[in-house]
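Colleague: I would like to see how this sequence folds:
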Amino acid sequence: MEIRQLRHFLRVAETLNFSQAARELFITQSTLSQQILHLEQELNQQLFVRNSHEVMLTEAGEILLPMARESIHMVDNCVLRLQELKQLLTGELNIGVTFSFSSIMAETMTDFMRQHPKVKLSVCYSSMEDLIERLLRHELDLVLAFKPNEADPRIESRLLFNTRLAAVVNHEHPLAGEKSMTLEDLQRYPLVLPTKGLQARNAFDRMTAHSGLEYNLKAEINNVNLIFKFMYKTKYVTVLSEASVIDEDGLTAIPIIAEGNVMEGCIHTLKNGYQKAAAREFIRMVNESIAIWKTMAL
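Modeller: Below is the predicted model of the structure:
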């Protein structure tokens, strides 16, 4: 069994599409099919069920998938360790980010690229759930996101800062001069909230789940940049973390006074996993960033 065959198997298993997998591997579909066939013959097991409409993993394929993924990860880590013996930061660093970390990410990314031009950064913005899943599949080296409600024993979460949920309005809104507000106060205003699944919305739903309060929800939006643009132009109120708006001129965050209103901003990495030198350097720079100190000062 060759590592190349495992890479080919993994790509097909993750796409469940031989044509797409072949394109991503830069080989012909016939070559890919032949490689999979050779692997099946060597293992004496059928790994895929194939017909004209779909591709599915067999039971043997399902068993092989996590082992293939881990084997490839170990081989890649071996190569990285040998490369880094030269004390050079090279290669690619894959980072997952949720929107609340945009200011921190922008500052650190700029400084990192200036100091380490040989490293290619690949940045993915998505929901925390999606990013953590990608981290577990070794597709990401680290994730910047709030701490999830339920800890995963495979993930190490290092605290960067604490923040709170806040009512966010533009500077001309009647609430803009308030120092704080309660969940009860929010009932008096029309709300535009992040969609369910985004971290700020999850935190808001947890805080209000047993309150018996009813809110005037006008819209749900799954893009925080669009929410910001909407806030600039209207008198609506949204609910986001204070950290989300530290560099948004024209918007004001009014902290919500409520029990359990604490959100922990973290760097998430695989526990006991090998960490690239580039990842260690990026984490160091995040901890020393001005944006972190601004967030801590809120």
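
Colleague: ok, which stretches of the stretch 51-200 of the chain are helices?
Modeller: With DSSP state H, counting those that start in this stretch as the criterion, the stretch 51-200 of the chain has helices at 59-84, 102-115, 128-136, 183-186, 199-208.

Colleague: would you turn the ones you listed into JSON lines with mean neighbour count and distance to residue 281?
Modeller: In this view, the C-beta of every residue, glycine as well, is placed from N, C-alpha and C. Rendered in JSON lines, the data for these read as follows (neighbours: other CB atoms under 10 Å; distance: least, CB to CB, whole Å):
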{"stretch": "helix 59-84", "mean neighbour count": "14", "distance to residue 281": "11"}
{"stretch": "helix 102-115", "mean neighbour count": "17", "distance to residue 281": "7"}
{"stretch": "helix 128-136", "mean neighbour count": "18", "distance to residue 281": "18"}
{"stretch": "helix 183-186", "mean neighbour count": "17", "distance to residue 281": "42"}
{"stretch": "helix 199-208", "mean neighbour count": "19", "distance to residue 281": "26"}
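
Colleague: pLDDT at residue 296, what is it?
Modeller: The model reports residue 296 with a pLDDT of 53.

Colleague: Quick check: buried residues in stretch 187-203?
Modeller: 189, 191, 192, 193, 194, 198, 199, 200, 201, 202, 203 (16 or more other CB atoms under 10 Å).

Colleague: which residue is nearest the middle of this protein?
Modeller: Nearest to the geometric centre of the chain sits residue 131, at 3.2 Å (CA atoms, centre = their mean).

Colleague: from what I can see residue 265 touches residue 101, true?
Modeller: Yes - in this structure, residue 265 is within contact of residue 101 by CB atoms under 8 Å, at 6.9 Å.

Colleague: list the residues that contact both of the two?
Modeller: Residues touching both residue 265 and residue 101 (CB atoms under 8 Å, 6 or more residues apart in numbering): 144, 145, 243.

Colleague: if we can go back for a sec, against residue 137, how distant is the residue nearest to the centre of the chain?
Modeller: Residue 131 sits 11 Å away from residue 137, taking CB to CB, to the nearest Å as the criterion.

Colleague: For residue 270, find the nearest of the helices of the stretch 51-200 of the chain.
Modeller: Ranking the helices of the stretch 51-200 of the chain by distance to residue 270, with CB to CB as the measure, places helix 128-136 first at 6.4 Å.

Colleague: circling back to that earlier point, can you tell me which of the buried residues of stretch 187-203 is nearest residue 93?
Modeller: When the buried residues of stretch 187-203 are compared for distance to residue 93 (CB to CB), residue 199 comes out closest, at 23.0 Å.

Colleague: and that closest one, what is it in contact with?
Modeller: Residue 199 sits next to 98, 100, 127, 128, 145, 146, 241, 263 when contact means CB under 8 Å, 6+ apart.
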